[in-house]
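Asker: with the sequence up front, the predicted model follows.
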Number of protein chains: 4
Amino acid sequence: MKKRQVHASVKDERLIEKRRDQMIKGAVSLFKEKGFHRTTTREIAKEAGFSIGTLYEYIRTKEDVLYLVCDRIYDQVGERLQEELDMKRGNLESLKSAIRYYFRVMDEMQDEVLVMYQEAKSLSKDALPYVLNKELAMVAMFEQVIRNCMTAEGISMKEQQIQLMAHNIFVQGQMWGFRRWVLHRHFELEAYIEGQIELLVHGLTKGENVKNGSLSSN
Amino acid sequence: MKKRQVHASVKDERLIEKRRDQMIKGAVSLFKEKGFHRTTTREIAKEAGFSIGTLYEYIRTKEDVLYLVCDRIYDQVGERLQEELDMKRGNLESLKSAIRYYFRVMDEMQDEVLVMYQEAKSLSKDALPYVLNKELAMVAMFEQVIRNCMTAEGISMKEQQIQLMAHNIFVQGQMWGFRRWVLHRHFELEAYIEGQIELLVHGLTKGENVKNGSLSSN
Amino acid sequence: MKKRQVHASVKDERLIEKRRDQMIKGAVSLFKEKGFHRTTTREIAKEAGFSIGTLYEYIRTKEDVLYLVCDRIYDQVGERLQEELDMKRGNLESLKSAIRYYFRVMDEMQDEVLVMYQEAKSLSKDALPYVLNKELAMVAMFEQVIRNCMTAEGISMKEQQIQLMAHNIFVQGQMWGFRRWVLHRHFELEAYIEGQIELLVHGLTKGENVKNGSLSSN
Amino acid sequence: MKKRQVHASVKDERLIEKRRDQMIKGAVSLFKEKGFHRTTTREIAKEAGFSIGTLYEYIRTKEDVLYLVCDRIYDQVGERLQEELDMKRGNLESLKSAIRYYFRVMDEMQDEVLVMYQEAKSLSKDALPYVLNKELAMVAMFEQVIRNCMTAEGISMKEQQIQLMAHNIFVQGQMWGFRRWVLHRHFELEAYIEGQIELLVHGLTKGENVKNGSLSSN
DNA sequence: CATGAATGAGCCTTCATTCAT
DNA sequence: GATGAATGAAGGCTCATTCAT
């Protein structure tokens, strides 16, 4: 899926890049504080350091700002994750370490993620797919890591279960941000990470000490 | 925590109940479609079947509608969950069946949950705690079920892990709603439920067929 | 000029009288506090001790309440003044004592007078004349007292000057109320009264101690 | 007391001055006709010659318009009065001529004064003091003129009486505006002026033709 | 007669967007 | 390219008035 283009009146590409950087930086900070809808374009322009007129030289509508913000955040997270994954082989340790890395990124980019998470739904039917697509790509990365891990460790798992686990990992990373109001009260980041990894790997059945030898479902 | 009261000019309690029902029903459907901010009070009134003047006989501000909606949804989910849990003993089967029940409720109330999930953040600093508190109560229910299950099955688990698992279950239920755009593409409800239960119970390590006998972390 | 009739749906004249009493009393207190425009009909009804529906059984529009209030106040002031004047002969002492009496009434009815003074202009073009007429009648009373006094004291004064003086007295009485924010800071009521009487009677030229024997104007 | 600042979004001070001039002019004319409360902000904008949006670039609330109007009127009256007084020595003639001047200004600015007089009470508790303060300053000017006059003419008068007389002059000037509905029926401006001066200077006791040689009070 | 729920016109204010300079 | 004044559609909310019970 091609990148959705946001129209700018200005021609100088270098300038566009620069101005949009300022814009996104300011917008994230404002959206974090008051949300997309409660933030005005004037505020965005001011926070970015230029006039409202100039703002509109680089976007067409307010929603463009939101799109640009979401796009940027996904790109950053995605890139960092990709780099990390490129360096790994594909065993269980790799998976764990990918998860650790991802969770830590999510911790660092907490504000951005929270913003994106809460405001993405305000994107128009037109822009949303582009953003969701990036999300899908990230989930797919985890699927691949899990798949590699399965192979390496000789574990077999249905494709659906792999997908599901990838989704869970992905959401649990975001969770650390969007449920911080409660999680940060009870967990340090590292404890959260190791706790989730533990559950992911073993589930309820830590070890063999199960009563009657079987935990079969249904 | 006492219930936050939303002021109504009208005295008749029965009428208040009735009108607020209409209002909430209409609001949920509108919020689902266009979000809280893009929905006007006039639209809410119209959808509810009365005039804008009447709407404001039963609330004070637009935000009250959102609070009422969130409050109602949590109450409904919470009540249904509580009823279900009251009927169960406390073994693993109970836990699974509670999860199944919860996920099915979340499926039924998909729209409501999605709305609440995306819009709750628009609640004022004043109203938010009341809503979050209800969420906490629901998470606590799951904690208790898990704890009972552990005892019954003779499994031991750290308190923190229990909390974490409860959070995961809770969020995975919501996930079915707020990530429907992708999950429903790949899963039937029942498949999703059984898949999640499977991961929850066994994690990655389905059975004993692990390569070198150990999957210990770190 | 006939009394302007305010329509009431209710027939029982005694009841009308009673309800309007309650209404006026409540309204004065509210108008005093927040002015006519900032007072709602609901508040008036509540303060009067009955429902909004009942209020509208005794008036047709909100403005009727204002008219009723103004009418009532003028009647009360007018009646008391008339009584007092009836008892007096017509010399200078009578004039002074009428002024004293009037100023004291204005002090007692300060709130009412203030209300009427500030809100009368909100009366419709229809109702205003009736109220202004009562004011004129009161000014005329003073004119008569002054005229009597002139005759009795053997002073001659042009008719226009008499009118002017009557207006001045009338306005100075109201002044005690509507400029209370400053006057009450510097004057006790009695000092104000005697001060004004002194100026009224002697003007600038207290006694004979004028420099060069003449203070003729122009 | 510092000037209360009314916030404007627009930066250009020259433009602010110009737009506010238009605004005030339009507002006075509307307030005169229908009062502050019955005038809508849209009407003010239209009368001023720009859009509602533009109006709000130069004020924050409707009440700001009222404040601006009152402020402007007091400034104009105050300035003109000050200029006049600066040119005078301080004898009786000066006083008379100051009064004449003041009354004529009040005649010219009749509409403005009427508006201010009737609507000032609608100012918030916050803004009112600034306006009342200007009024006090004007009264103080008259006090000074009277005091000078007393000295020059060798008349002695208690300080309180001077204050009172200053208030009377001030209110009588306004009276010409706010009681025009009756005064203009019976007086030409010049007749009103000379009549009031006459009463002010001599009071009731024009000359010596008093019956029994004494008009002592009490 | 009394009540109070219902109505909707209309008000104040905001803010995304444009465009002349 | 940059600026910021101007615009007006649209939104939240109020409140005088009506009318069925």
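Answerer: Sure, I can see it.
Asker: now do the nearest residue to residue A:52 once chain neighbours are set aside, the pLDDT please.
Answerer: Once flanking residues are discounted, residue A:52 sits nearest to residue A:45: 4.5 Å by CB to CB, 6 or more residues apart in numbering or on different chains. Any C-beta I mention is one placed from the backbone N, CA and C, and that applies to glycine too. pLDDT recorded at residue A:45 is 97.
Asker: what is the burial count for residue A:45?
Answerer: By other CB atoms under 10 Å in any protein chain shown, the residues close to residue A:45 number 21.
Asker: also residue A:77?
Answerer: 22.
Asker: for it, which residues are in contact?
Answerer: A:105, A:106, A:109, A:113, A:138 (CB atoms under 8 Å, 6 or more residues apart in numbering or on different chains).
Asker: confirm for me that the fourth one is in contact with residue A:175.
Answerer: Going back to what we said before, that points to residue A:113. No - applying CB atoms under 8 Å as the test, residue A:113 and residue A:175 come out as separate, 10.1 Å apart.
Asker: buried subset of the contacts of residue A:77, written for ChimeraX?
Answerer: In ChimeraX, this line selects whichever of the contacts of residue A:77 come out buried by 16 or more other CB atoms under 10 Å in any protein chain shown:
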select /A:105,106,109,113,138
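Asker: now for the contacts of residue A:77: which two are most distant?
Answerer: A:109 and A:138 (12.8 Å; CB to CB).
Asker: list the buried residues of the one helix or strand in chain A whose mean pLDDT sits lowest.
Answerer: Every helix and strand of chain A was ranked by mean pLDDT, DSSP states H and E. The lowest is helix A:110-119, at a mean of 86. Buried residues in helix A:110-119, counted by 16+ other CB under 10 Å: A:110, A:112, A:113, A:114, A:115, A:116, A:117, A:118, A:119.
Asker: who are the contact partners of the first one?
Answerer: Contact partners of residue A:110, counting by CB under 8 Å, 6+ apart, are A:176, A:177, A:180.
Asker: what helix or strand does the closest residue to chain D within chain A sit in?
Answerer: Closest to chain D within chain A is residue A:42: 9.0 Å, counting by CB to the nearest CB. In the assignment (DSSP states H and E), residue A:42 maps to helix A:41-48.
Asker: do residue A:184 as well
Answerer: helix A:180-186.
Asker: residue A:191 too?
Answerer: Per DSSP H and E: helix A:189-202 holds residue A:191.
Asker: and for residue A:100, the neighbour number?
Answerer: 17.
Asker: kindly report the same for residue A:62.
Answerer: Considering only other CB under 10 Å, residue A:62 is surrounded by 17 other residues.
Asker: in contact with it, which residues?
Answerer: A:41, A:44.
Asker: mind listing what's buried in stretch A:82-102?
Answerer: For stretch A:82-102, by 16+ other CB under 10 Å, it's A:84-85, A:88, A:90-92, A:94-102.
Asker: typo on my end, stretch A:10-29
Answerer: Per 16+ other CB under 10 Å, stretch A:10-29 contains these buried residues: A:16, A:19, A:20, A:22, A:23, A:24, A:26, A:27, A:28, A:29.
Asker: biggest separation within those, which pair?
Answerer: Maximum pairwise distance in the buried residues of stretch A:10-29, criterion CB to CB, is 20.7 Å, between A:16 and A:29.
Asker: helices of chain A, residue ranges please.
Answerer: Ranges of helices in chain A, per DSSP state H, are A:13-38, A:41-48, A:52-58, A:62-86, A:92-108, A:110-119, A:128-153, A:159-178, A:180-186, A:189-202.
Asker: list the buried residues in stretch A:185-193.
Answerer: Here stretch A:185-193 shows A:187, A:189, A:192, A:193 as buried, counting by 16+ other CB under 10 Å.
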